[in-house]
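>>> got a predicted structure here, sequence first:
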Amino acid sequence: SKATVSVLYCKMTAVLPKHANDMANRSGDELVNGTNRRTHELLANLDAAKKQKIQNERLRNMVLDTEELAHKVHTQTSTAKQKAELCRLHNKSDEMMKEFRHNLSYSHLRKFNISRYMTSCAQEMQVRDLMNPDDSCDTEPLNDLKQAFYEIRKHCKDTFFSEVLDQGAGILDKVSTLLEDSKLKSGDWAALAKPVLGLLKDVMEKGNIRNSLTEEEEKCRRVRFEIEEVGEQQQAAVESGEMSETESLYYRIITMQEALADLTTKKFEIVDDVTDDIFTQPLRKVHEVHSTANTIIHKILQEKESLKKKCEVDLTSLNTEIERVNLEDYNSTKASENAVERLNSAYGENLLQQSSCWLEIEKQEKELAKLSGERVELTKTLIKTLEQEEKRKVEYQHFTQFTMQHKTLLEVTIHNCELAEEITDSLDEFISSHCNAIEKKMRETEREIEELQLEVHHDYLEHFRSMYLTIGDLQYKKEANITALEEKIQVAHMQQEMHMESLNPKAREFSQMKKDLVKNKEELAKQVDLLQEKSVQYIEAFKPTQQALIEAGRPFEHPVETLSKMNESRKHKLIAYQQLVSGEDGDLEGDKRTLEQLRITN
C-alpha cells in the first residue's frame, strides 16, 4: 500500500548517513532515543511483513488443500454423491481463488530498496545532497546586510555615491525576492558582500582632503598679511629716507617669508600623510576585497553549475528509466492478463472435460483422476502467476513512489541551483559596481591631490619669488653701497696722500676716515656673503617645486631671471642718472624723458 511505501521510504532515508558534524553534536540521549525509535519502526515493519506472509500462506494452502481434496475425491469410486461433492468443492475453490486474488499482497514482503532504484536509474546525486521541498529559505543574514546597507545609504552625504547606492538597493531587493522563492541559505552571499559595506562606509567617512590644510592655509594667510603690512612700513621708511629702518624691515620681511616657506613645506607633508589614509590604503583594500569576492563568486558559480548539471543528468536518466519501466509494466500487465485469461479458459475447458468424463465415468475414471491432477498443477501455476504479478505490482508501486519523491527532490534542487546562480550574479554585479565606484572615487581623490599639490607649488613659487626678489633687492643695494664705499675709500686715500705730501695734520683725519670706511666695507661684504648664501639655499629649496611645475607643463618665469632683469634695469637707470648729473649729454629734456620712461617701466 502507499502508506506502507511511505513508511519504508522514510525509514530508509532516516538510516542514510548524515553529516559527520551533525552526528558529533548530538547528545547521548538523542542518539539513544533515535536508536529506540528506529528499532520500534523496524519491529513494526517486521511484524506487518510477518502477518502478511502468514495470510498469503494461509490463502495459498486453503486453495491447494481444496484442490488436493478434490483430486483425492477423483481418485475414489465415482458416484452421484461424489459428483455433487466435487461440484461443491469446485465452487468453494472458485470462491477461495477470488478471495486469494483480492487479498494477495507483497507490500511488506518486498523491501523498498532506494539503493537499488538509485542504481537502476543511474542516479549520481545522493538524497542527502539534494534540496528538500519541505526546507525553508534563510534570509536573516541578507536582511541584516540590507539593514546595514540602508543605514549607510541613509547617512550618505557624498553625492558621488548616490547613484551607485540606489542601484545597490535595487540589487539587494532583487536578491531578497529571489531568495524568498528558494530553499537557499543567504549566509554565504551576505558574508561575501559584507566587506564591501565596511569599505564603503570607511571611504564615505573620510573627510575632504582640503580640510586637512585649513589650519596651515589660515597661518599662511596671516603671514602674508603681516608681510604686506611690513612691506607698507618699508615703503614708508624708504620714502622718508630712513635707510636703517628700511634695512631692518628688509630682514624682518625675509624672516617672515622664510616662515611662510616653512608653512608651505609643512603643507606638502600634510598632503603626503593624508594621501596614504584617504587614497592609498582604501584603494589597496578595494582591490583586495574585489579580488577575494571574484574568487569566491567563481567558486560558487562553478559549484552550483556542477550541481545543476549533475541534477539535470540524473533527471534525464530518471525520466528515461520511468519511460522504460512504464513500458515494461504495461507489457507485463498485458502478459499477466493474457496468462490469467488462458488459465481461466483452461478452467472452463477442464470443467467441460469433467462433464464429459461424468457421462462416461465408468470408462474415464483414470482420465478424470489425471485431469484432476492437472487441475491441481494449473491451480499451483495460477497461484504462482498471481503471486508473481502481485510482487511485480508492488515493485512497480515502490518504483513509482520512489521516482515521484526523487524527481521532486531533483526538480527542487535544480530550481534552487538556478536561483543560486542568479543570486550570485546579482551580488557579483552589486560588489563590482560598488568596488568600481569606490575606485573611481579614489581616482578622483588622486586628481584632487595632484591639483592641490600643484596649487601648493604655485603658492611656494610666489613665496619664493617674493623672498628671492626681496633678498636680491637688499643684496643689490648693499653691493651698490660697497661700490660707493670703495670710491670714498679711494678719495680718502687720495686726500691722505695729498696732505701727507704737504705734511698737513689733516692727513690723520683722512687716515682714520679711510679705516672707518674699510671697516664698514668689510661689514657690508659679510652681510652680502650671508645674503648670497641665503639666495643659494632658497634656490635649492625651490628645485622640487620647479621640477613639479615643469613636469605639469605650467609655464613660469624663474625668480632668478626676474631678479636679473630688475638689476639690469636698475643699472640702466643709474647710468641715466649719472649722465644727467654729469652733463655728458647736452639734451637735458631728453634725459628727463628717458628717466621718466625708466621710472614708469620699473
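Everything's here; your move. Keep in mind that this is a model prediction, so the values were computed, not measured. Numbers count the residues shown, from 1 in each chain.

>>> pLDDT below threshold where in this protein?
For the chain, the stretches with pLDDT under 70 are 1-35, 38, 74-81, 110, 157-159, 207-209, 358, 361-362, 364-365, 581-602.

>>> centroid-nearest residue for it?
The structure's the chain has its C-alpha centroid closest to A293; by CA atoms, centre = their mean the separation is 3.4 Å.

>>> does it count as helix, strand or coil?
helix (DSSP: H, G, I helix; E, B strand; the rest coil).

>>> grab the nearest non-local neighbour of R465.
Among residues not flanking R465 along the chain, P559 sits closest, at 4.3 Å (CB to CB, 6 or more residues apart in numbering). For the C-beta atoms, the positions are set from N, CA and C on the backbone; glycine is no exception.

>>> do you know how far Q281 is from E242?
57 Å (CB to CB, to the nearest Å).

>>> could I get the full set of strands for the stretch 451-600 of the chain?
With DSSP state E, counting those that start in this stretch as the criterion, the stretch 451-600 of the chain has no strands.

>>> right, and the residue nearest to the centre of the chain touches L192 too?
Yes - between A293 and L192 a contact is recorded at 5.8 Å, counting by CB atoms under 8 Å.

>>> what touches both of the two?
I431 (CB atoms under 8 Å, 6 or more residues apart in numbering).

>>> M125 belongs to a helix?
No - looking at M125 with three-state DSSP, it is coil, so not inside a helix.

>>> looking at it, it is touching C311, isn't it?
Yes - counting by CB under 8 Å, C311 is a contact partner of M125 at 5.9 Å.

>>> and these two? Which one has more around it.
Shown here are M125 and C311; by other CB atoms under 10 Å, C311 has more neighbours (26 against 18).

>>> check contacts around the more buried one.
By CB under 8 Å, 6+ apart, the neighbours of C311 are 125, 130, 410, 413-414, 417.

>>> tell me the SS of it?
What three-state DSSP gives for C311 is helix.

>>> so how far is S426 from it?
Computed as CB to CB, the C311 to S426 distance reads 22 Å.

>>> now do M498
107 Å.

>>> who's more crowded, the two?
More neighbours surround S426 than the other of M498 and S426, with 19 against 13 (other CB under 10 Å).

>>> give me the element that one is part of.
In the assignment (DSSP states H and E), S426 maps to helix 365-501.

>>> any idea how far L461 lies from H558?
9 Å.

>>> for those two, indicate the residue with more neighbours.
L461 (21 against 15).

>>> tell me which element Q82 falls in.
Per DSSP H and E: helix 80-103 holds Q82.

>>> distance from the chain centre to that helix, please.
Its chain's average C-alpha position is 81 Å from that of helix 80-103, according to CA atoms, centre = their mean, to the nearest Å.

>>> for that helix, name the packing helices and strands.
In terms of contacts (3 or more CB pairs under 8 Å, 6 or more residues apart in numbering; DSSP states H and E), helix 80-103 is packed against helix 28-75, helix 281-359, helix 365-501.

>>> ok and the last one relative to helix 281-359, angle-wise?
Inter-element angle recorded for helix 365-501 and helix 281-359: 180 degrees (by axes from the mean of the first three to the mean of the last three CA atoms, to 10 degrees).

>>> and the angle from helix 365-501 to helix 28-75?
160 degrees.

>>> for helix 365-501, what is the distance to the chain centroid?
6 Å.

>>> what residues are shared contacts of M125 and C311?
Between them, M125 and C311 share the contacting residues 410, 413, judged by CB under 8 Å, 6+ apart.

>>> so how many other residues sit close to Y468?
Y468, neighbours per other CB under 10 Å, totals 22.

>>> residues touching it, list them.
535, 538-539, 542, 559-560, 563.

>>> again, 7 Å this time
Y468 is in contact with 535, 538, 559, 563, counting by CB atoms under 7 Å, 6 or more residues apart in numbering.

>>> just L179 next, same as before
With CB under 7 Å, 6+ apart, L179 has these contacts: 137, 139, 142, 186, 423.

>>> on that earlier part again, correct me, but the residue nearest to R465 touches L469?
Yes - shown here, P559 and L469 form a contact pair, counting by CB atoms under 7 Å, at 6.2 Å.

>>> who has more neighbours, those two?
P559 (22 against 16).

>>> can you pull the contacts of the more buried one?
By CB under 7 Å, 6+ apart, the contact list for P559 reads 464-465, 468-469.

>>> tell me how far it lies from R508.
For P559 relative to R508 (CB to CB), the value is 48 Å.

>>> and if you look at A576?
Taking CB to CB, one finds A576 at 39 Å from R508.

>>> R284 too?
For R284, the distance to R508 - CB to CB - is 82 Å.

>>> then L461?
L461 is 55 Å from R508, by CB to CB.

>>> again, but for T246
34 Å.

>>> when the two are compared, which one has more neighbours?
Counted by other CB under 10 Å, T246 and R508 do not tie: T246 has more neighbours, with 19 against 12.

>>> please tell me I have it right and that one contacts A236.
No - the criterion here is CB under 7 Å, and T246 misses it with A236 at 9.4 Å.
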